[in-house]
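> From the sequence below, what's the structure:
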Amino acid sequence: MELRSVDELMDLLHACGSEHALRTAALLRRSRPADKELQVAGLLMGTGRAVEVVRTLLGERVHRLARHHGPAPDEDLLRLAAEESRTARFDAGVLEDWRAVLELVAARNSRLETVD
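This next block holds a predicted model:
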């Protein structure tokens, strides 16, 4: 199984319903505002094995980061944000706030695959 659309991914994320993932992604947005792929990897925290189905839609880097197999500096930022999000208490928004970012990353990945 693989995800073919952001709508399918949103359904998966809604089913997982992780406030921890929302806070992790929000913290990464603050610390690395230009790195949308890293933010999306944070959003995928808590999806467990479901992360295996995002490669086609979101690309190899997001897939590696979400599986904790990314480059060391990125992996460290992701881990630190995940740890901080466990104790941080702030309004991280709602999942729907992330739709535009997910669509951006999916569109960028789609263009890259077309070039390859």
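> what about the strand or helix carrying residue 40, average pLDDT?
Under the criterion of DSSP states H and E, residue 40 resides in helix 36-43. When pLDDT is averaged along helix 36-43, the result is 96.
> Show residues contacting that helix.
By CB atoms under 8 Å, 6 or more residues apart in numbering, the residues outside helix 36-43 that reach it are 13, 21-22, 24-25, 27-29, 32, 58-59, 61-62, 65-66, 70, 74, 77-78, 81-82, 98, 101-102, 104-105, 108. Quick note: C-beta positions are derived from backbone N, CA and C, even for glycine.
> can you do 7 Å?
21, 24-25, 28-29, 32, 58, 61-62, 65-66, 74, 77-78, 81, 98, 101-102, 104-105 (CB atoms under 7 Å, 6 or more residues apart in numbering).
> One more: stretch 93-111?
Counting by CB under 7 Å, 6+ apart, 6, 9-10, 13-14, 22, 25-26, 36-37, 39-40, 43, 57-59, 62 sit against stretch 93-111.
> what do you get if the cut-off is 10 Å, keeping everything else the same?
If you take CB atoms under 10 Å, 6 or more residues apart in numbering as the criterion, stretch 93-111 is touched by 3-7, 9-10, 13-14, 16-19, 21-23, 25-26, 29, 36-37, 39-43, 54-63, 92.
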